[in-house]
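In: Make a model of this:
(2 chains)
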Amino acid sequence: MSEEPLERRAVISGVGQSAIGRRLGRGELDLTLEACLAAMEDAGLTRDDIDGLSTYPGAGFGPPGFGGPPTPDVQDALRLRLAWHDGGMEGAAQSRAVFSAALAVAAGLARHVLVYRTVTEGSAQGAGGRQSIAGSAGSAGSAGSGGSVPRFGGFLQWSLPFGAASAANWLAMIAQRRVHEFGLTREQLAQIALNGRRNAAGNPKAVYRDPLTLADYLGVRMISTPLCLYDCDAPCDGSTAVVVSHRDYAPDAPKPAVHLHAVGTALRGRPSWDQFDDMTTMAARDAAASMWARSDLGPADVDVAELYDGFSILAMVWLEELGFCGKGESGPFVEGGANIALDGVVPLNTSGGQLSAGRLHGFGLLHEACLQLRGEGGQRQVPGGPEVAVVANGGGPLAGSMVLTRGA
Amino acid sequence: MAYDHAVTASGPPFRLLPRLDDVNRFFWTSGEDGILRFLRCGACEHLIHPPVPRCPYCLAEHPEPAAVSGRATLHSFTVNHQQWFPGADPYVIGLVAIAEQEDVRLTTNVVGCEVDDLAVGMDLEVTFEHHDDVWLPLFGPARGAS
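Out: Now for the predicted structure:
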């Protein structure tokens, strides 16, 4: 690579997180401000220093509790004077909010960008359990309300009429295709959930910390074969914030700056849940390849991996596409759990991942990677002083990944 | 996974229907005469799905609906157990690859066979389920297939 990738001008100078819980009964702006204030303090900054603001995706996207507050609400609540601001859903998955912030910093549009991701899906979904992507439309229709049943356009028209009402269904098809092509077993898939739960025991903020056994996993109810309840992440309430700063600030930051080494943003296959060219994989393939092409590091250099596990199968695909094992080999790779344990070859989802720590939608994984690189992992700290972390976000046609390093 | 009794594959008990417009109407009403149709490019003859105004392969304008055989192979499937719709029995969601062009796929329901007999690669053929102004293409075992 002849020119240094511009994202290397950016560091994560601080991280913060609100209270996390299944149902906290607190507003999304309240949670967001708690996380943002914590991140600013961690970075040794005040709101007078913050000149950029970014989120994924912001209000108006997805089902209730998904989007989090829009940037204007957060700007106004903190009376920020912004040089640059951004939000939205299109781009390299949840990590787009971090990548755009880094590029804004690299371009000189801002010096310290506050980036947040807030979910209140736990409260929004209430006691009724996980909802379909159509929200309450299904129950409205099943009540026999005749002509008042909403109809669907856009990409949902190709799945909802057939009861493919959730990403759980769409990704179950990737998992089943892997059963067919690679011999994936439920016992292998279980390792993602079991590993997450083991690690969650060391994370006081994780929403599920009780021990989970293989027998528990195999005995729990199915969601969409071959995916069971423990293959699906846990909706929760919580906010995560990071401060993306210019690397010039790193010597002045109170905590060790986490350097953004390379980002992965590519999407070369069709942007679709069911028309992708290879249904054993997903956009992760393209994001991971583009990330390593921007880096002189490789999978063998990685000390900790925080890989999106909105569903267990996603982490399996990311393990392969990031090069930690060969294509189709993630099943045998995770078997028994030793390779992905805290002292394993690729310590995976060290705070419990979204399956056990809660569905903080990619940003919980980013937060954890920063703590690990700073040596602040507490009971769940990866031994040996990790220097390189990979964070991957997204599933299906959504994918973004990044290499983070301790030190430049 | 195996079931302790024979379960016949079916769709969900309740249908959320597509909103018809000038772009998708041909597809969702195609089953009125029992024939499945996709847009086909007049220049390069590729089938195109979902429908768009220009051929994504060669960028020629005005692809037109064209009949296909209705045959397909099962590319993947899942048995849904989650109660997205209250009271639903498990139902089968299939991903099928169209015989004429395997990179054209439909998410659909597999019907008319036992769940335990579902297998990736099995031969299927279209059957339509009529609701209001929509004919949903579902797929069952191909006649003559074992």
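In: Tell me the spatial nearest neighbour of the closest residue to chain A within chain B, not counting adjacent residues.
Out: Residue nearest to chain A within chain B (Cβ to the nearest Cβ): B:Pro12, separated by 3.2 Å. Bear in mind the C-beta positions are built from the backbone N, C-alpha and C, glycine included. Nearest-residue entry for B:Pro12: A:Gly163, 3.2 Å, with adjacent residues in sequence omitted and distances by Cβ to Cβ, 6 or more residues apart in numbering or on different chains.
In: Give the full set of residues in contact with the residue of chain B closest to chain A.
Out: A:Phe162, A:Gly163, B:Asn80, B:Trp84, B:Phe85, B:Ala88, B:Tyr91, B:Asn109 (Cβ atoms under 8 Å, 6 or more residues apart in numbering or on different chains).
In: quick one on the thing from earlier: what is the neighbour count of the residue nearest to B:Pro12?
Out: The number of residues packed near A:Gly163 is 28, by other Cβ atoms under 10 Å in any protein chain shown.
In: For the residue in the stretch 101-250 of chain A that chain B sits nearest to, which residues are in contact?
Out: Across the stretch 101-250 of chain A, no residue is closer to chain B than A:Gly163, which sits at 3.2 Å (Cβ to the nearest Cβ). By Cβ under 8 Å, 6+ apart, A:Gly163 lies in contact with A:Asn169, B:Gly11, B:Pro12, B:Asn80, B:Trp84, B:Phe85, B:Ala88, B:Tyr91, B:Ile93, B:Asn109.
In: can you put those in JSON lines and add pLDDT and secondary structure?
Out: JSON lines is the format used below for the contacts of A:Gly163 (pLDDT from 0 to 100; DSSP: H, G, I helix; E, B strand; the rest coil):
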{"residue": "A:Asn169", "pLDDT": "98", "secondary structure": "helix"}
{"residue": "B:Gly11", "pLDDT": "80", "secondary structure": "coil"}
{"residue": "B:Pro12", "pLDDT": "87", "secondary structure": "coil"}
{"residue": "B:Asn80", "pLDDT": "96", "secondary structure": "strand"}
{"residue": "B:Trp84", "pLDDT": "89", "secondary structure": "coil"}
{"residue": "B:Phe85", "pLDDT": "80", "secondary structure": "coil"}
{"residue": "B:Ala88", "pLDDT": "81", "secondary structure": "coil"}
{"residue": "B:Tyr91", "pLDDT": "95", "secondary structure": "strand"}
{"residue": "B:Ile93", "pLDDT": "97", "secondary structure": "strand"}
{"residue": "B:Asn109", "pLDDT": "97", "secondary structure": "strand"}
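In: Redo those as JSON lines? Include distance to A:Arg8.
Out: Below are the contacts of A:Gly163 laid out as JSON lines (distance: Cβ to Cβ, whole Å):
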{"residue": "A:Asn169", "distance to A:Arg8": "40"}
{"residue": "B:Gly11", "distance to A:Arg8": "51"}
{"residue": "B:Pro12", "distance to A:Arg8": "49"}
{"residue": "B:Asn80", "distance to A:Arg8": "45"}
{"residue": "B:Trp84", "distance to A:Arg8": "44"}
{"residue": "B:Phe85", "distance to A:Arg8": "49"}
{"residue": "B:Ala88", "distance to A:Arg8": "51"}
{"residue": "B:Tyr91", "distance to A:Arg8": "50"}
{"residue": "B:Ile93", "distance to A:Arg8": "44"}
{"residue": "B:Asn109", "distance to A:Arg8": "49"}
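In: what's the spacing between the closest residue to A:Ala124 other than its chain neighbours and A:Gln125?
Out: Using Cβ to Cβ, 6+ apart and skipping the chain neighbours, the partner closest in space to A:Ala124 is A:Gly65 (2.8 Å). The spacing between A:Gly65 and A:Gln125, counted by Cβ to Cβ, to the nearest Å, is 7 Å.
In: Now the common contact residues for the two.
Out: Common neighbours of A:Gly65 and A:Gln125 (Cβ under 8 Å, 6+ apart) are A:Pro235.
In: close enough to count as contact, A:Gly362 and A:Ala399?
Out: No. Applying Cβ atoms under 8 Å, one finds A:Gly362 not in contact with A:Ala399, separated by 10.7 Å.
In: more crowded one of the two?
Out: A:Ala399 (31 against 27).
In: where's the more buried one relative to A:Ile133, distance?
Out: 19 Å.
In: can you check A:Val113 too?
Out: According to Cβ to Cβ, A:Val113 and A:Ile133 sit 30 Å apart.
In: the more surrounded of those two?
Out: Set side by side, A:Val113 and A:Ile133 show more neighbours around A:Val113, with 30 against 20, by other Cβ under 10 Å.
In: where does the more buried one land in three-state SS?
Out: strand (DSSP: H, G, I helix; E, B strand; the rest coil).
In: contacting residues for it?
Out: A:Ile50, A:Asp51, A:Gly52, A:Leu53, A:Ser54, A:Trp84, A:Ala101, A:Ala104, A:Val105, A:Val243, A:Val244, A:Ser245.
In: out of these, which touch chain B?
Out: Checked against chain B using Cβ under 8 Å from any Cβ of the partner chain, the contacts of A:Val113 give no members in range.
In: Specify which member of those is nearest to A:Leu404.
Out: Among the contacts of A:Val113, A:Val244 lies closest to A:Leu404 (Cβ to Cβ), at 11.6 Å.
In: Count the residues that sit near the nearest residue to B:Ile48 once chain neighbours are set aside.
Out: Of all residues not flanking B:Ile48 in the chain, B:Leu39 sits nearest, at 4.2 Å (Cβ to Cβ, 6+ apart). Using other Cβ under 10 Å, B:Leu39 has 22 other residues around it.
In: Check the contact between A:Ser401 and A:Ala283; I expect there is one.
Out: No. Using Cβ under 8 Å, A:Ser401 makes no contact with A:Ala283, being 10.2 Å away.
In: Which residue ranges of chain B form helices?
Out: Taking DSSP state H to define them, one finds helices in chain B at B:25-29.
In: and residue 75, what does it touch?
Out: No chain specified, so I'll use chain A. Applying Cβ under 8 Å, 6+ apart to A:Gln75 gives the contacts A:Leu53, A:Leu82, A:His85.
In: Oops, wrong one, chain B.
Out: By Cβ under 8 Å, 6+ apart, the contact list for B:His75 reads A:Met173, A:Arg177, A:Met279, B:Gly94, B:Leu95, B:Val96, B:Ala97, B:Arg105, B:Val120.
In: The same query, at a cut-off of 6 Å, please.
Out: B:Leu95, B:Ala97 (Cβ atoms under 6 Å, 6 or more residues apart in numbering or on different chains).
In: thinking again about what came up before, let's see which of the contacts of A:Val113 end up in strands.
Out: A:Gly52, A:Leu53, A:Ser54, A:Trp84, A:Val243, A:Val244, A:Ser245 (DSSP state E).
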